[in-house]
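S.K.: pasting the sequence and the predicted coordinates here, then a few questions.
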Amino acid sequence: MGDRQLHSELSVYGRAPTLPQEREYGFWGAHGTCFAYSIATWCFLTGSFTANYVGAVQGIVCLLAGALIGVLMVAPPLSAACHRYGLEQMDFCKTAFGQNGARLVVVFYLINMLGWSGLILVMFGNGIVNIVSALGFEPPAWLAGAGVALGLLASYFVTTRGVRLFSLFNNIITPGLLAVICFMIYMLVTTHGWDEIVSAKPLDPLPTPWLNYAIAVELGIANGVSFWAGIGFLARNTKSRRNAIYPEVIHFGLVNGAVCSIALISGLVIGTDDPTEWMVPLGGVVMGILALTFVALANITSTAVSIFASGLALRHVPSLARRSWKVIMALTCVPMIVFVIWPQELFDLGGAFLAYNGTMQAPIAGILLVDYFLLKKQHIDLRSIFEAAPSGQYYYSKGFNFLALGAVVVGQVAYFIIYNPTTGEALPIIRFLPATVAAFLAPAVLYWAGMKFWLEKRYGIAPGDSDTLPTKLVKPNL
């Protein structure tokens, strides 16, 4: 195996920084992947969940504004740093959280990625159920779970073939998805009309009107924040800085919000929050089955991206660092077997899971933004990323930056004080300060103040200053 091939194995399927010539996504690749990733995943789910609380006009405003706000909260540091240095996302987190602290972030990361992957696969399984029903057959009770298992196997196949296969799939699926979305818009307008859409009532609103609106905003922002888990993976595989940030903001923010709005309207007029139940009533049997097929294929691509990124995160577990990629992918798929066993039960928890992404990801995003742009001035020491010895700049105290970890807890507490997604209880301040925004701002301010006025003086060097660091790795962790 030559040096170039060996490095490619360590970077594409591992944690070594990707070199420019190893990156797969140009302009069309970046836009196509981001488009398919955003549309095929939680946008249909988010729109359907929002239909429970608000009508069409309020929902469109909440989803568009919320998704854009959420993405702009999480994308800048990950897009900039992971592209510039070719870093895997969890390695970048070491600059703020420390060598061992980043492993705790991996837990949040995996919950996000595998949770959404499971929900997407249930949507894939439900799509198969609805195709069978549309063909005039009675689907057995086990079919949805079997569909999840089939989708899981397909995702495993895609992820063990490398990043290039994602681009190939997206070149085929993306035009089909565009056609499906345009068809949905056409059928909604011609079949139901704008008056019926505007007058459609929420499916299951809460008794307090302002709380319904506030929760819809919260769902929109949490939807944008949810993309935190995949942004670094996409950015490290793009060929230019422009393609590392603009496609993510455009598709995960504006396009995603727009398609969420279409899903919202579909849920309102059809009367169900299961996205796979819209296609046949909207388009008839033939077009409905075709639309379901494209959405199902896109769900496989989106699940594959999530599983691939999750596998890279598992490389941070010492016992898995040198395992073969097929073994890593198999281990990543194991937790999602629960979705095979209890597909609908777990799918029904999707709304609460979406909201919890605000408390899981927003505090981490706020800390990384402050750390990379305000403290480190967009310069990090690449050697120290892979230095597990105490001499490394990002070792902090026993491998943990306890200030950053404590700030995450503060952000989570702030979130739950303002809004509890399980009970639906919220403070009136949520009308002006969404819980996810509070969970982003509170730890960001605390972390900046603590680093600026305490830890910099304690460690004797400013973040990003590598002049006093050793030139060779003492204890590499790659």
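M.R.: Great, that's in hand.

S.K.: flag the shaky bits of the stretch 101-250 of the chain, pLDDT-wise.
M.R.: Counting by pLDDT under 70, the stretch 101-250 of the chain has low-confidence residues at 162-171.

S.K.: strands along that one, start to end?
M.R.: Ranges of strands within the stretch 101-250 of the chain: none, based on DSSP state E, counting those that start in this stretch.

S.K.: for it, just list every one of the helices.
M.R.: Listed in chain order, the helices of the stretch 101-250 of the chain (DSSP state H, counting those that start in this stretch) span 101-134, 143-159, 163-187, 193-199, 209-225, 228-235, 241-249.

S.K.: can you add distance to V255 and give these back as JSON lines?
M.R.: Placement of C-beta: from N, CA and C, glycine included. What follows is the helices of the stretch 101-250 of the chain, written out as JSON lines (distance: least, Cβ to Cβ, whole Å):
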{"stretch": "helix 101-134", "distance to V255": "17"}
{"stretch": "helix 143-159", "distance to V255": "23"}
{"stretch": "helix 163-187", "distance to V255": "9"}
{"stretch": "helix 193-199", "distance to V255": "20"}
{"stretch": "helix 209-225", "distance to V255": "12"}
{"stretch": "helix 228-235", "distance to V255": "15"}
{"stretch": "helix 241-249", "distance to V255": "10"}
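
S.K.: just say which of those helices is most tucked in.
M.R.: helix 228-235 (a mean of 28; mean count of other Cβ atoms under 10 Å).

S.K.: which of the helices of the stretch 101-250 of the chain sits closest to A404?
M.R.: When the helices of the stretch 101-250 of the chain are ranked by distance to A404, counting by Cβ to Cβ, first place goes to helix 101-134 at 6.4 Å.

S.K.: measure stretch 91-102 end to end?
M.R.: Using Cα to Cα, to the nearest Å, the end-to-end distance of stretch 91-102 comes out at 7 Å.

S.K.: which outside residues touch it?
M.R.: 15, 77-78, 81-82, 85, 90, 104-105, 232, 316, 364, 367-368, 371-372, 376, 380, 385-388, 392, 394-402, 404-405, 447, 463, 477 (Cβ atoms under 8 Å, 6 or more residues apart in numbering).

S.K.: wait, G118 sits on V340?
M.R.: No - the pair G118 and V340 fails to qualify as a contact (Cβ atoms under 8 Å) at a distance of 9.1 Å.

S.K.: how about the helices of the stretch 101-250 of the chain, which one is nearest G26?
M.R.: Counting by Cβ to Cβ, and looking across all of the helices of the stretch 101-250 of the chain, nearest comes helix 241-249 at 6.8 Å.

S.K.: distance of P202 from Y419?
M.R.: Taking Cβ to Cβ, to the nearest Å as the measure, P202 falls 18 Å from Y419.

S.K.: and W278, by the same measure?
M.R.: The value you get for W278 to Y419, if Cβ to Cβ is used, is 28 Å.

S.K.: the two: which is more packed in?
M.R.: It is W278, of W278 and Y419, that has more neighbours when counted by other Cβ atoms under 10 Å, with 29 against 26.
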